[in-house]
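Asks: Dropping the sequence and predicted coords here.
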Amino acid sequence: MNNESHPIGVFDSGYGGLTILKEFLNDFPEYDFIYLGDNARSPYGSRSFDVVYEYTLQAVRKLFDMGCHLVILACNTASAKALRTIQQKDLPLIDPNRRVLGVIRPAVESIGEITKNGHVGILGTAGTVASNSYPIELKKWAGEIVRETTQEACPMWVPLVENNEIDTPGADYFVKKNIDNLLQKDRQIDTIVLGCTHYPLLVPVIRKFIPDGIQVVEQGKIVSNKLADYLKRHPEMDQKISKQGQVRYYTTETESIFEQRAGLFINRAIKAEKLILR
Ligand code: DGL
């Protein structure tokens, strides 16, 4: 990638956004991408609004400096706590022609087509749940169909994924505990949204504890379809994105740690570079 390249930036607090990037690479093989994981400061889920906003803005600025005109916050926590302020307050000052999009709205818009009885469960980080972004957005975009939205914060799930503890009795314990809590709050739930991009890695564990008949919604494919739709509606943005099929990976952690782990999430060999966000 040279200085003229204008990749799509994909940002997450850690590895979770790779579950979104994986779908982008399938659907947009010729597009250039930069993935940035703030692994050194992950998880974001338990951090305050101010801190998530500050860290996310640093990442967005860095991706802009690296040539991105379009950045996707492939992180629900950052989408919930930072996206709106960045869109409304920062973008007009930084460059009104650049765009930052999130992952909550695409998921919300798809729920109306999935739930049969309008009872939806949201699993997310403490931050995403506290922001109430899902209930608010569901009311706004699927209010006719979604009658009841119930949330459950799963503060241990991201650390389980980030620390490669997926296939352990510890993961079973915490996943079961949160699923049981959610289903106790509303026994009619027929659709559960994995409102955190790390959670698809836990799907085999989640399925062990979810009764048959309940749909589990992962965001990757949904977000990728919405990106295709966005680029079709915004040809001026599509034209700016460079298309040499190149992907670069950046992490705020030591490269070797990221390379070892990230490959497992996305099924490909990864070469990463370390950068510092400030
Ligand atoms: N992948 C992020 C999300 O979707 C994880 C947040 C965290 O770092 O706690 O919310």
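Replies: Now that the structure is in, tell me what you want to look at.
Asks: for stretch 236-252, what is the average pLDDT?
Replies: Confidence for stretch 236-252, expressed as mean pLDDT, is 98.
Asks: Contacts for stretch 38-45, please.
Replies: 11-15, 51-52, 55, 59, 75, 77-78, 81, 124-128, 155, 158-159, 162, 196, 251-253, 257-258, 277 (CB atoms under 8 Å, 6 or more residues apart in numbering). From N, CA and C alone the C-beta is placed, and that goes for glycine too.
Asks: which of the residues you listed are buried?
Replies: When the contacts of stretch 38-45 are checked for burial by 16 or more other CB atoms under 10 Å, the buried set is 11-15, 52, 55, 59, 75, 77-78, 81, 124-128, 155, 158-159, 162, 196, 251-253, 258, 277.
Asks: before we move on, back to that, near the ligand too, which of the contacts of stretch 38-45?
Replies: Among those, the residues within reach of the ligand (CB under 6 Å from any ligand atom) are D12, S13, G14, C75, T77, T125, T128, V158, C196.
Asks: now those residues in a markdown table, with secondary structure and pLDDT?
Replies: Converted to a markdown table, these look like this (DSSP: H, G, I helix; E, B strand; the rest coil; pLDDT from 0 to 100):
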| residue | secondary structure | pLDDT |
| --- | --- | --- |
| D12 | strand | 97 |
| S13 | coil | 96 |
| G14 | coil | 94 |
| C75 | coil | 97 |
| T77 | helix | 96 |
| T125 | coil | 95 |
| T128 | helix | 95 |
| V158 | helix | 92 |
| C196 | coil | 96 |
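Asks: Next up, the contacts around the residue lying closest to M237 once chain neighbours are set aside.
Replies: Excluding the flanking residues, the one nearest M237 by CB to CB, 6 or more residues apart in numbering is L70, at 5.8 Å. L70 makes contacts with I8, G9, R98, R99, V100, L101, M237, K240, I241, as judged by CB under 8 Å, 6+ apart.
Asks: how does it look with 10 Å?
Replies: If a contact means CB atoms under 10 Å, 6 or more residues apart in numbering, then L70 has 6-10, 63-64, 98-101, 227, 230-231, 234, 237-238, 240-241 as its contacts.
Asks: what does A74 give?
Replies: 9-13, 16-21, 23-24, 35-37, 101-103, 197, 219-220, 223.
Asks: Extract the C-alpha set from stretch 89-109 and format it as CSV.
Replies: Presented in CSV, the C-alpha positions along stretch 89-109 are these (Å, rounded to 0.1, in the frame of the first residue of the first chain):
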residue,chain,number,x,y,z
LYS,A,89,-19.0,17.3,16.8
ASP,A,90,-15.7,16.1,15.5
LEU,A,91,-16.2,15.2,11.8
PRO,A,92,-17.4,18.7,10.7
LEU,A,93,-14.1,20.1,12.2
ILE,A,94,-11.7,17.3,11.0
ASP,A,95,-13.1,16.9,7.5
PRO,A,96,-16.8,17.0,6.6
ASN,A,97,-16.2,14.7,3.6
ARG,A,98,-15.0,11.7,5.7
ARG,A,99,-17.4,9.3,7.3
VAL,A,100,-17.5,7.1,10.4
LEU,A,101,-20.1,4.4,10.6
GLY,A,102,-21.0,1.9,13.4
VAL,A,103,-22.4,-1.6,13.9
ILE,A,104,-25.5,-1.0,16.0
ARG,A,105,-27.8,0.6,13.4
PRO,A,106,-27.2,-2.2,10.8
ALA,A,107,-28.0,-4.8,13.4
VAL,A,108,-31.1,-3.0,14.6
GLU,A,109,-32.5,-2.5,11.1
